[in-house]
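# Generate coordinates for the sequence data below:
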Amino acid sequence: MTTSETIAAVATPAGQGGVGIVRISGPAAFAAAQALSGHPPEVGRVRFARLRNQQGELIDEGVVLAFAGPHSFTGEDVIEMQIHGGPWLLARLMECLCREHPIRGARPGEFSERAFHNGKLDLVQAEAIADMISAGSDQAVRAAQRSLSGVFSSRCHALHEALLDLRMRLEAAIDFPEEDIDFLSDPELMARWQALHVEHQHLLEDARHGVQLSQGLTVVLAGAPNAGKSSLLNYLSRDETAIVSAIAGTTRDLLRSAVQLAGVPVTLIDTAGLRNSDDPVEQEGVRRATKAIASADFLLHVRAPDIPDSPVPQTQARIITVHNKADLGAEPVGWMDSQHSQIRLSARTGEGVDSLIEALVGHAGESDFSARQRHVDALVRLGRHLQEAGQCLQQGAGDIAAEELRLGQRELGEITGQVHSDELLGRIFSSFCIGK
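As a prediction, this is how the structure comes out:
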């Protein structure tokens, strides 16, 4: 990417601080730094300077750092000016840069976007920067750092190369039909496809885990009316989010509460009690509950000794059966099995809830890398192409199998940015903070 535009932005958070940083990137960066400081910028050296406008008025004093392209974050000439962190001082410096020099204010994420276009990082690594900034726990920070260092990208590239290798073998067999050898029946092809399939499944599982860690878990509370779902939601959220009543069917709609459990972001969703009802409003509540359950990471199926049980809903989520109202009986609170699939607790007193939180947070745990939902969606689509390719191989349709593998390569390319649209890039980088 080559651009004649030079951009600048405040790279430190809004508000007052001891130090404020203004970042400049582009062909006019060094000239602007020299005009403001009175000295040519020196790469590899931190230089103290008094920054003045063209009228000679002092803006502030601070230090100037220079990074010559392509050996910089963006791959362009970059200047960083560190001055006192007052909002008015930073605004004066930005005004001077944009008024007296061929410089404009940067869009959100434009520095990272230029780094992407200049080959300094791929799309996964660019997204990891934003994930690291917004991380809410030590685990999320470490996962984002691993993505930024290229762990996720390397696995995508390795899978891409394996796809390409199998596709080349297939196309070679198709291109030489006069050979009296049935290359498509070679068991080596199916063995390579099987290895591809296994690696894809591992990558998809790790990506889903990365999404849960960076974007949080979705935990749905379901069960019969009056089993104590709303009481458990209120205890976990440390707030009276839901109305608690002895009247069955009090909760009609979905109630959402965004919380941090041991540093992991969690969206708790309380649902209407699952039962047959002639009430159209309650029926709609049950329908919405069923839809929420289908997209959950965890389902807490809440039961109580004084309430008739409801059947366990069908879901791909991990199910934990919560035997609530332990304060009504003599049984001990805590896990009832070694698989941590059933727990006895009291939402009223809080006994046993810490063990439940530990299980939820432990599921997020450490991740090999951070990921986003778009990565998971692309890997799911890749999985469909791999399945089709495998079936075609078994049927001897090598040309169709090769095409399915080519489509699969495109899905991997969308993850790393080798295949992209301007709309996709705009959506990704617009979510970044200005100055990054």
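# Ramachandran angles for T267?
phi -100, psi 110 (degrees, to the nearest 10).
# you'd agree it is up against V220?
No: in this structure T267 lies outside contact range of V220 using C-beta atoms under 8 Å: 9.2 Å. Bear in mind the C-beta positions are built from the backbone N, C-alpha and C, glycine included.
# Compare the two (neighbour count), which wins?
V220 (25 against 16; other C-beta atoms under 10 Å).
# ok, the host helix or strand of that one: who's next to it in the sheet?
Element membership of V220, judged by DSSP states H and E, is strand 217-223. Strand 217-223 has its sheet partners listed here by DSSP bridges as strand 264-270 (parallel), strand 298-303 (parallel).
# just checking, next helix/strand downstream of the shortest one?
What it means is strand 298-303. Per DSSP H and E, the helix or strand that comes after strand 298-303 is strand 318-323.
# List the residues that contact the residue nearest to the spatial centre of the chain.
What sits nearest the mean C-alpha location of the chain, by C-alpha atoms, centre = their mean, is R372, with 3.2 Å. Applying C-beta atoms under 8 Å, 6 or more residues apart in numbering to R372 gives the contacts E127, D131, V211, S214, Q215.
# now do 6 Å
Applying C-beta atoms under 6 Å, 6 or more residues apart in numbering to R372 gives no contacts.
# Quick check: pLDDT value at it.
Looking at R372, its pLDDT reads 89.
# all strands of the stretch 251-400 of the chain, in order?
255-261, 264-270, 298-303, 318-323, 334-335, 342-344 (DSSP state E, counting those that start in this stretch).
# tell me the mean pLDDT for the lengthiest helix in the chain?
Determined from DSSP state H, the single longest helix within the chain is helix 187-215. What helix 187-215 shows for mean pLDDT is 88.
# do the same with stretch 98-112
For stretch 98-112, the per-residue pLDDT averages 92.
# how far does it stretch from start to finish?
Stretch 98-112 has an end-to-end distance of 20 Å (C-alpha to C-alpha, to the nearest Å).
# Likewise for stretch 329-336?
Start-to-end, stretch 329-336 (C-alpha to C-alpha) is 15 Å.
# Show me the contact partners of it.
By C-beta under 6 Å, 6+ apart, stretch 329-336 touches A326, Q342, I343, R344, L345, E351, G352, S355.
# Relative to T349, how far out is the first one?
A326 is 8 Å from T349, where distance means C-beta to C-beta, to the nearest Å.
# Who has more neighbours out of those two?
Remark: of A326 and T349, A326 carries more neighbours, 23 against 13, as counted by other C-beta under 10 Å.
# For that one, list the residues it contacts.
V333, R344, L345, S346 are the contacts of A326 under C-beta under 6 Å, 6+ apart.
# so who does L382 touch?
So L382 contacts G408, E411 (C-beta under 6 Å, 6+ apart).
# And for E366?
Q139.
# one more time with 10 Å
D138, Q139, R142, A143, R146, H209, L213 (C-beta atoms under 10 Å, 6 or more residues apart in numbering).
# ok so, going back, can you tell me which of the strands paired with strand 217-223 the model trusts least?
Among these, strand 264-270 carries the lowest mean pLDDT (a mean of 84).
# so of the strands of the stretch 251-400 of the chain, which one's packed in deepest?
Among those, ranked by average contacts under mean count of other C-beta atoms under 10 Å, first place goes to strand 298-303 (a mean of 25).
# Which pair of the contacts of A326 spans the longest distance?
Pairwise distances across the contacts of A326 peak at 8.4 Å for R344 and S346 (criterion: C-beta to C-beta).
# Could you tell me which residues touch both of these two?
H323, N324, K325, A326, G329, V333, G352.
# Who wins on neighbours among the residues you listed?
Neighbour-wise, those (other C-beta under 10 Å) top out at N324, 26 neighbours.
# wouldn't that one be in contact with D309 here?
No: N324 is not in contact with D309 according to C-beta atoms under 10 Å; the separation is 11.5 Å.
# tell me the domain boundaries of the protein?
Here the domain assignment for the chain is 6-122, 128-212+372-417, 223-364, based on automatic domain parsing.
# S430: which of those domains is closest?
domain 6-122 (5.4 Å).
# chain center to that closest one: distance?
Centroid displacement of domain 6-122 relative to its chain, using C-alpha atoms, centre = their mean, to the nearest Å, is 30 Å.
# How about stretch 311-331?
30 Å.
# for it, how far is the first residue from the last?
23 Å.
# what pLDDT, on average, does it get?
Stretch 311-331 comes out at a mean pLDDT of 83.
# circling back: common neighbours of T267 and V220, please.
A296, D297.
# Which residue is the nearest non-sequential neighbour of L204?
In space, and not counting its chain neighbours, L204 is closest to L379: 4.5 Å by C-beta to C-beta, 6 or more residues apart in numbering.
# Show me which of the contacts of E366 is closest to Q314.
H209 (22.8 Å).
# Let me know the pLDDT of the residue nearest to that closest one when sequence neighbours are not counted.
Using C-beta to C-beta, 6+ apart and skipping residues adjacent in sequence, the residue nearest H209 is S367, 4.8 Å away. As predicted, S367 sits at a pLDDT of 81.
# residue contacts, S367?
139-140, 142-144, 146-147, 151-152, 206-214.
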